[in-house]
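Enquirer: Need a 3D model of the following:
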Amino acid sequence: MGIRIEKVDLPGIGVRHDLVTVGGRRISVVSHRDGERDLGVFDEDDPDRCRDTIPLSDDEAAALADVLGASVMLSRLTSLSDDTAGLYTEQIALPTDSPYLNHTLGDTKARTRTHASIVAIMRDGVVIPSPTPTEPLRAGDVIVVVGTREGLDGVARLLANGPN
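Expert: Coordinates of the predicted model:
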């Protein structure tokens, strides 16, 4: 079954988009003509009755979209490795004593040295997808890597010990 999104025009208000989950739950986003938006959660027993609405500021809506988008991206990366023999996805915590701490991602030359790709950095609950070589590496970062088992091990060693 595909994802079903219903669009409902709300005269004088704006538009409502409803997502009906596989389990039959309804969630909506009301986009008001003045730019405001509300997230609506519908009653489980009566899918026509909105149980609660949550107003979202621009920053809150953007943050929610980022979190949902990031989790979907990581899930798809994981499923990619499930479907491809010999390709793995791993999350590697940047060691607190890494020689690359506060240096750029490009300084690691990880892809050249290990033949594995750093596809995202998770920092403070936010995912940075497709980080550029100029992205700094910070304490607490978790590096998302795709490659062979040997490549992933190589990235872990590189981040911990440097190129030696």
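Enquirer: Every contact and neighbour count from this point should use C-alpha atoms.
Expert: Noted.
Enquirer: Is Met122 in a helix, a strand, or coil?
Expert: strand (DSSP: H, G, I helix; E, B strand; the rest coil).
Enquirer: correction: Ala160
Expert: Going by three-state DSSP: Ala160 is helix.
Enquirer: And the helices in the protein, which stretches?
Expert: 58-83, 105-108, 110-114, 149-161 (DSSP state H).
Enquirer: Dump the last one to PDB, restricted to CA.
Expert: If I follow you right, that is helix 149-161. The C-alpha trace of helix 149-161 is given here as PDB (Å, rounded to 0.1, in the frame of the first residue of the first chain):
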ATOM      1  CA  ARG A 149      33.900  -4.100   6.300                       C
ATOM      2  CA  GLU A 150      37.600  -3.400   5.800                       C
ATOM      3  CA  GLY A 151      36.800   0.200   4.800                       C
ATOM      4  CA  LEU A 152      34.600   0.800   7.800                       C
ATOM      5  CA  ASP A 153      37.400  -0.600  10.100                       C
ATOM      6  CA  GLY A 154      39.800   1.600   8.300                       C
ATOM      7  CA  VAL A 155      37.800   4.700   9.000                       C
ATOM      8  CA  ALA A 156      37.500   3.800  12.700                       C
ATOM      9  CA  ARG A 157      41.300   3.400  12.900                       C
ATOM     10  CA  LEU A 158      41.900   6.600  11.000                       C
ATOM     11  CA  LEU A 159      39.600   8.600  13.200                       C
ATOM     12  CA  ALA A 160      41.200   7.100  16.300                       C
ATOM     13  CA  ASN A 161      44.900   7.100  15.300                       C
END
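Enquirer: buried ones in that helix?
Expert: 151-152, 154-156, 158-160 (16 or more other C-alpha atoms under 10 Å).
Enquirer: counting contacts, what elements does it pack onto?
Expert: strand 88-93, helix 110-114, strand 142-147 (3 or more C-alpha pairs under 8 Å, 6 or more residues apart in numbering; DSSP states H and E).
Enquirer: outside of that helix, which residues touch it?
Expert: 86-88, 90, 92, 94-95, 97-100, 108, 110, 113-116, 145-146, 164 (C-alpha atoms under 8 Å, 6 or more residues apart in numbering).
Enquirer: go again using 7 Å as the cut-off
Expert: Identification of contacts with helix 149-161 by C-alpha atoms under 7 Å, 6 or more residues apart in numbering yields 88, 92, 94-95, 98-100, 110, 114-116, 145.
Enquirer: All good on my end, thank you.
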